[in-house]
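J.: Fold the following.
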Amino acid sequence: MSTAGDHVEVAAPGRRRPRLIFLLVGVVLAVALAAVLLALRAPAASTASGTAVAGAGRPVPRFTLPALGAAKKEVGVPANGGGGGRPAILLFFASWCPPCEREIPALAATYRQQQKEHSPLAKVAVIGVDANDPAPNALAFVRSSGVTFPVGADTNFRVTQTLFDFSHLPESVFVEGNGTIAGIHLGPLSTSRFSSWERRLLAGG
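T.: All right, here's what the predicted structure looks like:
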């Protein structure tokens, strides 16, 4: 029993409750912040004009670009493949990109050989997109690399960055005949992987 001089300290009822509330609020805010950051990092579902941004499983964005080295001709999808019943591989590159200097000549040689031999793989359309490159530089690069597939000049990065969300090169996009993107390869593409994707696209994914 306590005497009159004793001091007994008793915790006030509900004193821990504010700490619990602050903890819960902190957790909620942390979750909300994480969701916002993920949303900002994820590719946007549409551009300001409402055109779908590229992503695996989505329809390939339609685009038209002036063809390099060909007067009054255009390059794009689905006119050259991808959505018109013919599968396509889109190769994004530029003359100022060091990895492209190694990638494109090898892929161009593989493409030429397939065309020469009338290989079944030649049924896959190959479309080049030269990005953010002065036309003379782009044309000199594709010619020195032995490129014979059609190449569009994306001089202002409109297609490469706005529609496909690519800021680094090289990149490759694999499109099924119905216009659906089957996959995206980031970085240099080997000839073996190139041919493997051709077979996969011809087999229907």
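J.: which residues does residue 89 contact?
T.: 124, 125, 126, 127, 172, 173, 174, 175, 194, 197, 198, 201 (Cβ atoms under 8 Å, 6 or more residues apart in numbering). In this view, the C-beta of every residue, glycine as well, is placed from N, C-alpha and C.
J.: Let's see the pLDDT reported for the fourth one.
T.: The confidence metric pLDDT takes the value 97 at residue 127.
J.: What of the first one?
T.: In the predicted model, residue 124 carries a pLDDT score of 97.
J.: ok, now the fifth one?
T.: pLDDT recorded at residue 172 is 97.
J.: What count of nearby residues applies to it?
T.: 22 (other Cβ atoms under 10 Å).
J.: quick one on the thing from earlier: could I get the contacts of residue 89 in a markdown table, plus columns for secondary structure?
T.: Below are the contacts of residue 89 laid out as a markdown table (DSSP: H, G, I helix; E, B strand; the rest coil):
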| residue | secondary structure |
| --- | --- |
| 124 | coil |
| 125 | strand |
| 126 | strand |
| 127 | strand |
| 172 | strand |
| 173 | strand |
| 174 | strand |
| 175 | strand |
| 194 | helix |
| 197 | helix |
| 198 | helix |
| 201 | helix |
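J.: Can you give me the domain boundaries for the protein?
T.: The chain is divided into the following domains under automatic domain parsing: 14-43, 63-202.
J.: before we move on, back to that, wait, which of the contacts of residue 89 is closest to residue 184?
T.: Taking Cβ to Cβ as the measure, residue 184 lies nearest residue 173 of the contacts of residue 89, at 5.4 Å.
J.: Tell me the spatial nearest neighbour of the closest one, not counting adjacent residues.
T.: residue 90 (4.1 Å; Cβ to Cβ, 6 or more residues apart in numbering).
J.: ok, the helix or strand hosting that neighbour: who's next to it in the sheet?
T.: For residue 90, the element it lies in under DSSP states H and E is strand 88-93. Strand 88-93 has the following sheet partners, assigned by DSSP bridges: strand 125-131 (parallel), strand 171-175 (antiparallel).
J.: rewinding a little: for the domains of the chain, which one ends up most surrounded?
T.: domain 63-202 (a mean of 19; mean count of other Cβ atoms under 10 Å).
J.: What separation do you get for residue 157 and residue 142?
T.: 18 Å (Cβ to Cβ, to the nearest Å).
J.: among the domains of the chain, which is nearest residue 55?
T.: Taking the domains of the chain one by one with Cβ to Cβ, domain 14-43 is closest: 5.8 Å.
J.: So for the closest one, mean pLDDT?
T.: Domain 14-43 comes out at a mean pLDDT of 52.
J.: go on, stretch 61-78?
T.: 88.
J.: Now do it: distance from first to last residue.
T.: 9 Å (Cα to Cα, to the nearest Å).
J.: distance between it and the chain's centre?
T.: 19 Å (Cα atoms, centre = their mean, to the nearest Å).
J.: what sits up against it?
T.: Contacts for stretch 61-78 (Cβ under 8 Å, 6+ apart): 51-54, 60, 79, 83-84, 88, 90, 127-130, 135, 138-139, 142-143, 150-154, 159, 163-164, 175, 179.
J.: nearest to residue 115, of the strands paired with strand 88-93?
T.: strand 125-131 (9.6 Å).
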